[in-house]
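In: Below is the sequence, then the predicted model.
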Amino acid sequence: MPQESFVFAQFLRLLPRAEFLRIVKKYKGDYRTRHFRCWDQLACMMFGHIRQESSLRDMDIALNAHASKLFITWASINARSPPWPMRTNTVTTACTRSSPNR
């Protein structure tokens, strides 16, 4: 039986990751970040948008509930370890720091 990838992994594969990372590097988007990089934040925001989550807390609960599936998806796309399990504070801090209005 062939193993199909999850829909979320298919969405992530649609993005030109090399171009995204080039832009992040150009504008120093990952400056002073340790674990939760711009690509991680984009993936979390996409996951929340696909699931139509209404708050960061709902998104955090959903991400941690599906951590084993997301780990498989993340391992097939990314070489480094995934940011799960995570706390709401991680996503909130990343969204606040990356805000252009700060």
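Out: Sure thing, it's come through. If you're wondering where the values come from, they're calculated on a predicted model, not measured in any experiment. Residues are numbered from 1 along each chain as shown.
In: pretty sure Phe8 is touching Arg51, no?
Out: No: using C-beta atoms under 8 Å, Phe8 is not in contact with Arg51; the gap is 9.3 Å. No exception for glycine: its C-beta is placed from N, CA and C like everyone else's.
In: Compare these two (neighbour count), which wins?
Out: More crowded of Phe8 and Arg51, by other C-beta atoms under 10 Å: Phe8, with 19 against 14.
In: Whichever helix or strand the more buried one is part of: which residues count as buried?
Out: Using DSSP states H and E, Phe8 falls within helix 7-14. Within helix 7-14, the residues scored as buried using 16 or more other C-beta atoms under 10 Å are 8-9, 12.
In: for stretch 20-39, same thing?
Out: Neighbour-count burial for stretch 20-39 [16+ other C-beta under 10 Å]: 24, 29-30, 36-39.
In: What would it look like as PDB? C-alpha coordinates only.
Out: Listed next in PDB are the C-alpha coordinates belonging to stretch 20-39 (Å, rounded to 0.1, in the frame of the first residue of the first chain):
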ATOM      1  CA  PHE A  20      11.700  32.000   1.200                       C
ATOM      2  CA  LEU A  21      15.000  31.400   3.100                       C
ATOM      3  CA  ARG A  22      16.900  33.700   0.700                       C
ATOM      4  CA  ILE A  23      14.400  36.500   1.600                       C
ATOM      5  CA  VAL A  24      14.600  35.700   5.300                       C
ATOM      6  CA  LYS A  25      18.400  35.900   5.100                       C
ATOM      7  CA  LYS A  26      18.300  39.200   3.100                       C
ATOM      8  CA  TYR A  27      16.100  40.900   5.700                       C
ATOM      9  CA  LYS A  28      17.600  39.100   8.700                       C
ATOM     10  CA  GLY A  29      14.300  37.500   9.700                       C
ATOM     11  CA  ASP A  30      16.000  34.800  11.900                       C
ATOM     12  CA  TYR A  31      18.300  37.200  13.700                       C
ATOM     13  CA  ARG A  32      18.700  36.200  17.300                       C
ATOM     14  CA  THR A  33      16.300  33.300  17.100                       C
ATOM     15  CA  ARG A  34      17.200  30.000  18.500                       C
ATOM     16  CA  HIS A  35      14.500  27.400  17.900                       C
ATOM     17  CA  PHE A  36      11.500  28.900  16.300                       C
ATOM     18  CA  ARG A  37      12.600  30.200  12.900                       C
ATOM     19  CA  CYS A  38      10.600  32.100  10.200                       C
ATOM     20  CA  TRP A  39       9.900  28.900   8.400                       C
END
